[in-house]
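Turn this into a model:
(2 chains)
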Amino acid sequence: MKKTHFDFWFDIVLYIVLGVILFLIAYPLYFVLIASVSDPIEVTSGRVMFYPVKFNFDSYKKVLEYKQLWIGYRNTLIYTTAYTLLSVAITLMAGYALSRKELIGKNIIMAYMVFTMFFSGGLIPTYLLVRSLGLLGNPIIIIILGSVNVYNIIIARTFIQSTIPDELFEAASMDGCGHARFFFSVVLPLSPALIAVLVLFAAVTQWNSWFNAMIYLTKQELMPLQMVLRDIIVSQATFLREMAMDTLGEDFAREALLAETMKYSVIVVASLPILVLYPFLQKYFVKGMMIGSLKQ
Amino acid sequence: MRYPASLILDLIYTKITGRRMNVGMLQKGTISGYYRKPFYLRILESYQLYLFLLPAVLYLFIFNYIPMAGIIIAFKDFRPSEGIFGSSWVGMQNFIRFFNMPMFKVILRNTLALSIYDLIAGFPLPIILALLLNSCPSLRFKKIVQTVTYAPHFISTVVLVGMINILFAPSYGIVGHLLRSLGLINGPLYVLNDPAWFPHLYVWSGVWASIGWSSIIYLGALTGVDLNLYEAAEIDGANKLQKILHIDLPAILPTIVILFILNAGRIMNVGFEKVFLMQNATNLSTSEVISTYVYKTGIGQGSYSLATAIGLFNSVINFIMLVFVNRIARRLGETSLW
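Numbering: from 1, shown residues only, chains lettered A, B, ... in the order given. As a prediction, the model looks like this:
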């Protein structure tokens, strides 16, 4: 069919609008990247716009020397691994059980779970509970809290229900296979996409979280990466310090300015693992959203 | 002998329940005419399933249901030394105290302003993005836009707020440099410490981070559109805009309504983490919201009962909003949550 005049202009407008959106979203990310490898003086004076100026890795060298950041990195790796293992195991087991027709009381259990999606005790009662359990300051709480996500359980249930036919278990049970055996030797090997989605969701959640650490942890050496980041880049005195620096004059500076560009490289270092993996895993993330939306 | 008996059982079962018996039921059925095993036996048979559910059920009981019961301290004068049950009842006193605070009006207004602004700006944009992507002629360009716009979703709140702080920094930030070089402002850019700018920064940085990710669900709904509809529309001489308005939009309308109801039910849930991180001494007059205030009174000052009461007030408003919007949606059309 021939393109009409209107459609031609429509396509042009569409490309322009999408192009603008693309630019607005990509540019800040790109800028952080080029600023992190540019000379601090060039960055702070606004001469870095579209490409790195006086390319160097000075600020990364400074980041490498910053011990607390690597302690945070190590902690986050530990928390993320443990949390992901725990969370995915619980989710898969619960999802499988709820996918079985012969589970008696399924509706009651579902209602029990879904209720918690809409109602919660809120911050303070949860805090008091953790305190009375004696888990304040204990890193275990970082791993446990949030490890059960009802939404993910529903995703797992829906996925297993729609990919593993009932007849499969019936056939297996004829041969004396129980649920546990069936789960480990049939369901798990048949659900790599589901496992990938759950692992990624859990890992990203824990990698990016800081709030529980702020509330429940006290020791500096237990803090996760995001808490360390918060101290470096969200420091509320930033602009006050800047104004103070203006009055002190430009000479004082390179060291202080380097501290400013260090923020860019810290952002890169902390977000890199996820942003590098992301394009390869994109299809799984999107698949996860789709499985989830089946429910709605 | 056995086969016809099962068939009859199946027939009766179908009559009563409206469902066919499954193979398992038929095979377990006996000539004696009792086609189901006793209740306790069936539970026992699938005990492994209950073991599988145990960790999740236990977790929810401890970390969701027990704190829910802990809400009673909103009606008590909770003292840690006396425990939840030992503390004395005070009725609605905590709520009355909250309503009479000078902060009450401020944080209620800030919370509502922020979330309504967020809903109005943040809700339609992903829909528009999804519609545009769906009618983008170039598949490769569509893929690129998708990949890039989804990316900010994976950036942590801390990094997002950190980026706002350095990009909008008064004299060193790139935004300031840009505006100065265009001659739009003179001297430093004061938006980070200007209370009037806080809602804009909050909402639009949120749009930046989530527009792509939120569009996925609409794109998913759009894949369900019957391609014949487009063909028929083309034959009738419809242009692209008409196709979007008369085919795509109606196709995703149910999704839009459901998501709108769910979002309205969260109207008082301003993202605590981001607001908290974006707060500074100078913007508190617009950035103090209910959840940050709960944190400060509860964990900061140890007024547990008062903070719980404020939190409960917040949840109740949310729930009322959810019911209210759902009722409107049901009246207007056939899509609703229940």
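
Please count neighbours and contacts with C-alpha atoms only from this point.
Noted.

mind checking the SS state of the closest residue to residue B:64 other than its chain neighbours?
Nearest residue to residue B:64, sequence neighbours excluded (C-alpha to C-alpha, 6 or more residues apart in numbering or on different chains): residue A:120, at 5.9 Å. What DSSP: H, G, I helix; E, B strand; the rest coil gives for residue A:120 is coil.

can you give me phi and psi for residue A:120?
The phi and psi values for residue A:120, taken as degrees, to the nearest 10, are phi -150, psi 170.

One more: residue A:121?
Dihedral pair for residue A:121: phi -80, psi -20, per degrees, to the nearest 10.

roughly how far apart are it and residue A:215?
From residue A:121 over to residue A:215 the distance is 16 Å, taken as C-alpha to C-alpha, to the nearest Å.

what do you get for residue B:148?
Using C-alpha to C-alpha, we find residue B:148 at a distance of 33 Å from residue A:215.

Pull up the gap between the nearest residue to residue A:265 once chain neighbours are set aside and residue A:43, please.
Nearest non-adjacent residue to residue A:265, counting by C-alpha to C-alpha, 6+ apart: residue A:36, 4.8 Å away. To residue A:43, residue A:36 is 9 Å away according to C-alpha to C-alpha.

Common neighbours of these two, please.
residue A:261 (C-alpha atoms under 8 Å, 6 or more residues apart in numbering or on different chains).

Looking at these two, which one has more neighbours?
residue A:36 (28 against 25; other C-alpha atoms under 10 Å in any protein chain shown).

isn't that one right up against residue A:259?
No. Residue A:36 is beyond contact range of residue A:259, at 11.1 Å (criterion: C-alpha atoms under 8 Å).

any common contacting residues for the two?
Each of residue A:59 lies in contact with both residue A:36 and residue A:259 under the rule C-alpha under 8 Å, 6+ apart.

near chain A, which residues of the stretch 1-150 of chain B show up?
B:24, B:42-43, B:46, B:48-50, B:52-53, B:55-57, B:59-60, B:63-71, B:129, B:132-133, B:136-137, B:145, B:147-149 (C-alpha under 8 Å from any C-alpha of the partner chain).

Give me the buried entries from the residues you listed.
Buried members of the residues of the stretch 1-150 of chain B next to chain A, scored by 16 or more other C-alpha atoms under 10 Å in any protein chain shown, are B:43, B:46, B:48-50, B:52-53, B:55-57, B:59-60, B:63-68, B:70-71, B:129, B:132-133, B:136, B:145, B:147-149.

Which of the residues you listed fall in helices?
B:43, B:48-50, B:52-53, B:55-57, B:59-60, B:66-68, B:129, B:132-133, B:145, B:147-149 (DSSP state H).

remind me which residues of the chain are low pLDDT?
You didn't say which chain, so I picked chain A. Scanning chain A for pLDDT under 70 picks out the ranges A:1-3, A:235-255, A:285-296.

other chain: chain B
In chain B, residues with pLDDT under 70: B:1-37, B:333-338.

Now the residue in the stretch 1-150 of chain A positioned nearest to chain B: closest residue in space that isn't a chain neighbour?
Across the stretch 1-150 of chain A, the shortest distance to chain B (C-alpha to the nearest C-alpha) belongs to residue A:121, at 3.9 Å. Using C-alpha to C-alpha, 6+ apart and skipping residues adjacent in sequence, the residue nearest residue A:121 is residue B:68, 3.9 Å away.

from memory that neighbour sits against residue A:120, does it?
Yes. Counting by C-alpha under 8 Å, residue B:68 touches residue A:120, with 5.7 Å between them.

What residue in the stretch 51-200 of chain B comes nearest to chain A?
Taking C-alpha to the nearest C-alpha, the stretch 51-200 of chain B has residue B:68 as its residue nearest chain A, at 3.9 Å.

And the strands in chain B?
For chain B, the strands defined by DSSP state E occupy B:76-77, B:88-89.

Of those, flag the one that's most buried.
strand B:76-77 (a mean of 22; mean count of other C-alpha atoms under 10 Å in any protein chain shown).

and that one, what does it pack onto?
Applying 3 or more C-alpha pairs under 8 Å, 6 or more residues apart in numbering or on different chains; DSSP states H and E, one finds that strand B:76-77 makes contact with strand B:88-89.

right, is stretch A:207-224 up against chain B?
Yes. On the criterion C-alpha under 8 Å from any C-alpha, stretch A:207-224 is in touch with chain B at A:208-209, A:211.

what about the most centrally placed residue in chain A, distance to chain B?
In chain A, the C-alpha nearest the mean C-alpha coordinate belongs to residue A:204, at 2.4 Å (C-alpha atoms, centre = their mean). Note on residue A:204: its distance to chain B, by C-alpha to the nearest C-alpha, to the nearest Å, is 7 Å.

ok, that residue - contacts?
Going by C-alpha under 8 Å, 6+ apart, residue A:204 touches A:274, B:154.

that older thread, what about residue A:121 and residue A:215, which has more around it?
Between residue A:121 and residue A:215, counted using other C-alpha under 10 Å, the more crowded position is residue A:121 (23 against 15).
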